[in-house]
Structures are given as structure tokens and as C-alpha cells.
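> Next one to model:
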Amino acid sequence: MHRSTFIDLPEGSLRVLSAGQSGSPVLLLSGAGLDNALLSWRHLIPALATQHRVFALDWPKQGASRPWRGPADHDVMLRCIGAALDHFGLDDASLVGLSQGGALTLAYAIEHPERVRRLVALAPGGVLSFPPGLHQLLWLTAKLAPLTSRLSGLLFRHRAVVAWFARRALFAGPVADFDDVVTEIHREVLANGAGASDWQNASIGPRAMNVDLRDRLPEIRCPALFIQGDRDVGVKPEHTAAAARRVPGARLEVLPGNGHWSARQSPARVNSLIAEFLTPSAAQPPR
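So this is what the prediction gives:
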């Protein structure tokens, strides 16, 4: 069972789900677009709550963190992480992030190393670039965000389109609760529309990525685990593998037959990996 807390910020209210009564704190950071805290972490929250205090935030303009005034770009998202930690009186916590949330997990560990005990990045953004031509096309798409968001919203109002998108872009094999996933995404579309996030749109510049963490990854000093599906079409496995090599002592787990959303495609495996990593044995040296 989880609880909802709303944190009042100048731009709007940030909704944070919490579960668990004791143990080290863990903050879960979901992906972009058609996602929210429960969509990404429905299975992980109860799995971790038996041993940890678990917190999962809805990013601005996602889930129940609406309405939100102004753009929710990289700096705003980093401030949201700090606001969540501060609100619950947490000097530090372990961070677990998927895709957009993975990029912000890495960035927060770089910018605020004293506040991150351990990190898990699942198919993280912020560590890849695109070839010329494709990059400019993505930049143009981001510049036309109001139009593309309206078009996406119209398309994704059809449940069949949501199911097609989930099969092609998010998963690479069978998902036990696939119908539930489609229903959850469709519900988010009907309530809040569809389209790329402000972070996604702002992260790409006309000639290069505005958010590119690769050169700063060696600054990360906390224990780090990267989890990557080997059939991910959104974040290529080679990008995540290269990022993991740049983080001192990082561990990489590649999941065969998994796509981008491994936390929903293979929850038992992902939950086990994360729970084991966040609960080190007594034989392991402290941070």
C-alpha cells in the first residue's frame, strides 16, 4: 500500500508516492512522456518496501503533478529531486531511474554526490547522441512540440494505437500484465494528453545534445548499477554499456529478450537485481 504526498513548489504541486516504514530510503524516478510513478514502478514499490522506505515521484506535468506552470527542463527536474529529499527530511538516498529518470539519476549523482548513496540507471537517457540528419530531424520535432503533442494526443486516444506503441517501442517480448499496462497508459493519455516531455524537447540542441553526461560520468563516486534490455529500440545497449564503463566500479546487467521497459516486462528479475544491489551484504565495504 502506498501513500500520496503533495509538495508545493512555485510552479505547482509535486506528487510523491511513499511506502515502507523502515530501512534506507530509495527514490524512484520514472521515464518521460506517457509515464508516471505507478506506471514504471507498480511492481518495484512493494518489492522494495519490505526492506526500505520507498518514494516515487510523478515528474512535473505527469500523473498527478499537474497543473505545472512553466517548462520542466533539466534544471527544474533536478530541483524536484532535491525538493523531494528535503520534504521527507532525507540527507541522502539511493536513486533508481528509468530512461529520462535514469539521466536525472546520473546527473544528480554528479551534481550532488553527497546526497546519493547508490544509484540504479535503467536504459538511461543523457548518454547518447544521434547521427547528423537524424539529430536535426529530432531537434525540429522538439521545436514543433505543441503541434506534435496535439497529433500524438489524437492518435493515442485509440487504445489499439497504445497497444501497438507498447509492443514496438517499450517491450521486446511477452508481458504478463500487458493489458493492464495498455490500460494504464491509455488512462494517462485520456487524462493528460500525449507527447514528449519538456526535458526531452530541451535536451536536444540544433547541432548537439544539450544534455550529454558522458564526459562527467567518471565523477560519480557512489556504487552504480546499470540495467539494459538487449533489444531496446529507444536506448541502444551499446550506449548504456559505454556509459557504465565510464563510471568507476559500475556494474552492468544486460537482460536478454528485454526492451526499453524492463521493469514492466521482467519485473521479478529487475526487482531482484535492484533489491540485492540496494541491500549490500555485511562483507561489502561501506560507501
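> Which helix or strand in the protein has the lowest average pLDDT?
helix 145-155 (a mean of 71; mean pLDDT, DSSP states H and E).
> Can you name the next helix or strand after it?
Downstream of helix 145-155, the first helix or strand assigned by DSSP states H and E is helix 159-165.
> Now that following helix: buried residues?
Under the neighbour-count criterion of 16 or more other C-beta atoms under 10 Å, helix 159-165 has Val161, Val162, Ala163, Phe165 buried. Quick note: C-beta positions are derived from backbone N, CA and C, even for glycine.
> How far does the following helix or strand past it sit from its chain's centre?
For helix 159-165, the succeeding helix or strand toward the C-terminus, using DSSP H and E, is helix 178-192. Mean-position distance between helix 178-192 and its chain equals 18 Å (C-alpha atoms, centre = their mean, to the nearest Å).
> do stretch 271-279 as well
On C-alpha atoms, centre = their mean, the centre of stretch 271-279 falls 17 Å from the chain's centre.
> can you tell me the average pLDDT over it?
For stretch 271-279, mean pLDDT rounds to 97.
> Of all the residues in it, which ones are buried?
Buried residues in stretch 271-279, defined by neighbour count with 16+ other C-beta under 10 Å: Asn271, Leu273, Ile274, Ala275, Phe277, Leu278.
> The second one: what's it in contact with?
Yep, that's Leu273 we're talking about. By C-beta atoms under 8 Å, 6 or more residues apart in numbering, Leu273 lies in contact with Leu225, Ile227, Glu253.
> could those be laid out in JSON lines, adding secondary structure, pLDDT and distance to Leu27?
Putting the contacts of Leu273 into JSON lines (DSSP: H, G, I helix; E, B strand; the rest coil; pLDDT from 0 to 100; distance: C-beta to C-beta, whole Å) gives the following:
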{"residue": "Leu225", "secondary structure": "strand", "pLDDT": "98", "distance to Leu27": "15"}
{"residue": "Ile227", "secondary structure": "strand", "pLDDT": "98", "distance to Leu27": "17"}
{"residue": "Glu253", "secondary structure": "strand", "pLDDT": "98", "distance to Leu27": "20"}
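> Using TSV, lay out these together with neighbour count and distance to Leu144.
TSV is the format used below for the contacts of Leu273 (neighbours: other C-beta atoms under 10 Å; distance: C-beta to C-beta, whole Å):
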residue	neighbour count	distance to Leu144
Leu225	22	37
Ile227	28	33
Glu253	18	37
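> right, and out of these, which lies closest to Asn210?
Nearest to Asn210 among these, counting by C-beta to C-beta, is Ile227 at 25.3 Å.
> in the protein, which spans are strands?
Remark: strands assigned in the chain by DSSP state E are 3-9, 12-19, 25-29, 53-57, 93-98, 116-122, 224-229, 251-255.
> Including distance to Arg42, could these go into CSV?
Listed next are the strands of the chain as CSV, based on distance: least, C-beta to C-beta, whole Å:
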stretch, distance to Arg42
strand 3-9, 15
strand 12-19, 10
strand 25-29, 11
strand 53-57, 10
strand 93-98, 12
strand 116-122, 14
strand 224-229, 17
strand 251-255, 18
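> Arg66: which of those strands is closest?
strand 12-19 (7.0 Å).
> can you give me how far the closest one is from the chain middle?
Using C-alpha atoms, centre = their mean, the offset of strand 12-19 from its chain centre is 15 Å.
> can you list contacts of stretch 129-146?
148, 195-196, 200-202, 204-209, 212.
> Would you mind checking those for buried ones?
Thr148, Gly195, Ala196, Gln200, Asn201, Ala202, Ile204, Met209, Asp212.
> ok, so of those, who is nearest Ala37?
Closest to Ala37, out of all of those and judged by C-beta to C-beta, is Gln200, at 17.7 Å.
> okay, that closest one: pLDDT?
90.
> Now do the contacts for it.
Neighbours of Gln200 in contact, by C-beta under 8 Å, 6+ apart: Ala32, Gly33, Gln100, Gly125, Ala142.
> re the thing from before, need the contacts of stretch 129-146 in JSON lines with distance to Glu114, can you?
Converted to JSON lines, the contacts of stretch 129-146 look like this (distance: C-beta to C-beta, whole Å):
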{"residue": "Thr148", "distance to Glu114": "39"}
{"residue": "Gly195", "distance to Glu114": "35"}
{"residue": "Ala196", "distance to Glu114": "32"}
{"residue": "Gln200", "distance to Glu114": "28"}
{"residue": "Asn201", "distance to Glu114": "31"}
{"residue": "Ala202", "distance to Glu114": "27"}
{"residue": "Ile204", "distance to Glu114": "30"}
{"residue": "Gly205", "distance to Glu114": "30"}
{"residue": "Pro206", "distance to Glu114": "35"}
{"residue": "Arg207", "distance to Glu114": "34"}
{"residue": "Ala208", "distance to Glu114": "30"}
{"residue": "Met209", "distance to Glu114": "27"}
{"residue": "Asp212", "distance to Glu114": "24"}
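> Thank you kindly, that will do.
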